[in-house]
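[1] Based on what follows, work out the 3D shape:
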Amino acid sequence: MLNKTEENIKLRLQMAQNKELLDITDISLLTGFSASLIRRRISDGKLVKIQNVPNGKILCKRSDVNRWLNGGREDV
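    Okay, the predicted model is just below:
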């Protein structure tokens, strides 16, 4: 039986699979990469963010995440 935390993670993962705009937690859940690695890739310019608000949530398009995971190529 899943505990409350595992249930929340499972629900968040299911919701992330249907979103066009992903936050860092969504990207981490979908890819298995740590939040710090994702932030570094955004800082390096390898992953494009669309939200640029001071102290605001960073959002990325699903298509940009797929492009980053495919080494810069379009989703195949």
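[2] What is the longest helix seen in the chain packed up against?
    Identified as the longest helix of the chain according to DSSP state H is helix 4-16. Helices and strands touching helix 4-16, by 3 or more C-beta pairs under 8 Å, 6 or more residues apart in numbering; DSSP states H and E, are helix 24-31. From N, CA and C alone the C-beta is placed, and that goes for glycine too.
[3] can you pull the buried residues of the helix it packs on?
    Using 16 or more other C-beta atoms under 10 Å as the test for burial, helix 24-31 gives 24, 26, 27, 28, 29, 30.
[4] Tabulate the residues you listed (a markdown table), appending pLDDT and distance to residue 68.
    Below are the buried residues of helix 24-31 laid out as a markdown table (pLDDT from 0 to 100; distance: C-beta to C-beta, whole Å):
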| residue | pLDDT | distance to residue 68 |
| --- | --- | --- |
| 24 | 93 | 13 |
| 26 | 91 | 14 |
| 27 | 93 | 9 |
| 28 | 93 | 13 |
| 29 | 88 | 16 |
| 30 | 88 | 12 |
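[5] Nearest to residue 64, out of the residues you listed: which one, please.
    Comparing the buried residues of helix 24-31 against residue 64 with C-beta to C-beta picks out residue 27 as the nearest, at 9.9 Å.
[6] what about residue 70, neighbour count?
    Neighbour count for residue 70, taken as other C-beta atoms under 10 Å: 11.
[7] Go ahead and produce PDB holding the CA coordinates of the least confident helix or strand in the chain by mean pLDDT.
    When each helix and strand of the chain is scored by mean pLDDT, DSSP states H and E, helix 4-16 comes last, with a mean of 79. C-alpha atoms of helix 4-16 as PDB (Å, rounded to 0.1, in the frame of the first residue of the first chain):
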ATOM      1  CA  LYS A   4       0.500   9.500   1.500                       C
ATOM      2  CA  THR A   5       3.800  10.900   0.100                       C
ATOM      3  CA  GLU A   6       4.000   8.200  -2.600                       C
ATOM      4  CA  GLU A   7       0.300   8.800  -3.500                       C
ATOM      5  CA  ASN A   8       1.000  12.500  -3.900                       C
ATOM      6  CA  ILE A   9       4.000  11.900  -6.100                       C
ATOM      7  CA  LYS A  10       2.100   9.400  -8.300                       C
ATOM      8  CA  LEU A  11      -0.800  11.900  -8.700                       C
ATOM      9  CA  ARG A  12       1.700  14.800  -9.500                       C
ATOM     10  CA  LEU A  13       3.400  12.500 -12.100                       C
ATOM     11  CA  GLN A  14       0.100  11.700 -13.700                       C
ATOM     12  CA  MET A  15      -0.900  15.400 -13.900                       C
ATOM     13  CA  ALA A  16       2.500  16.400 -15.300                       C
END
